[in-house]
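Got a predicted model here, sequence first, then my questions.
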Amino acid sequence: MSKFTPHPDEKQDKIIINCAVITVSDTRTIETDKSGQLIKKLLTEIGHKIDYFNIIKDEPEQIKQELEIINNKEIQVVIFNGGTGIAPRDTTYDVLQGLLEKTLPGFGELFRFLSYQEIGSRAMASRATAGIYRSKIIFSLPGSSNAVKLGLEKLILPEIRHLVKQINNN
């Protein structure tokens, strides 16, 4: 069970969010994608729907293609995992930064702060990011299960309903 605490004004809020989960990895498969499965589990435990899931290679064109597929669906939140480091094959951040219409710099800042508390100075290599693309909230997390758990429990799950309300002017 997820260990996040919603804000008091959202405890009664039962909005179901339609989500997409995309794992960006050159090596993971359905059987080995622990992070993607964890994201799906944490979202569905609190009542959200997974309307789309895929594992893609860390190729800029595939990342862009996934956003085009999702654009034609009733998805409100997209969570990428993987490809946020600084290795030559890590391109998720670069692609998303070039496409996001608005960024949420606080997400990456808070994620790195929380990561620093757990893993120390290696947190500086994370390029976790978030923002808005075509009226959808996009989150991009590192591919490790610990990073996914941290990002979801401490940042995404407590705020997901509020952010969707904001983007929909509700």
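Structure's in. What do you need?

Look up how far residue 59 lies from residue 89.
According to C-beta to C-beta, to the nearest Å, residue 89 and residue 59 sit 9 Å apart. For the C-beta atoms, the positions are set from N, CA and C on the backbone; glycine is no exception.

now residue 101
According to C-beta to C-beta, residue 101 and residue 59 sit 23 Å apart.

Just want to know which of those two has more residues nearby.
A count of neighbours by other C-beta atoms under 10 Å puts residue 59 above the other of residue 101 and residue 59, at 15 against 11.

Check which helix or strand residue 62 maps to.
Here residue 62 sits within helix 60-71, counting by DSSP states H and E.

The helix or strand just after that helix packs against which elements?
Downstream of helix 60-71, the next assigned helix or strand under DSSP H and E is strand 77-81. On a contact count with 3 or more C-beta pairs under 8 Å, 6 or more residues apart in numbering; DSSP states H and E, strand 77-81 meets strand 18-24, helix 34-45, helix 60-71, strand 136-141, helix 157-167.

got these as JSON lines, with mean pLDDT columns?
As requested, these are exported to JSON lines (pLDDT from 0 to 100):
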{"stretch": "strand 18-24", "mean pLDDT": "98"}
{"stretch": "helix 34-45", "mean pLDDT": "98"}
{"stretch": "helix 60-71", "mean pLDDT": "95"}
{"stretch": "strand 136-141", "mean pLDDT": "98"}
{"stretch": "helix 157-167", "mean pLDDT": "96"}
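
So for residue 51, which of the ones you listed sits nearest?
strand 18-24 (4.8 Å; C-beta to C-beta).

Sounds good, over and out.
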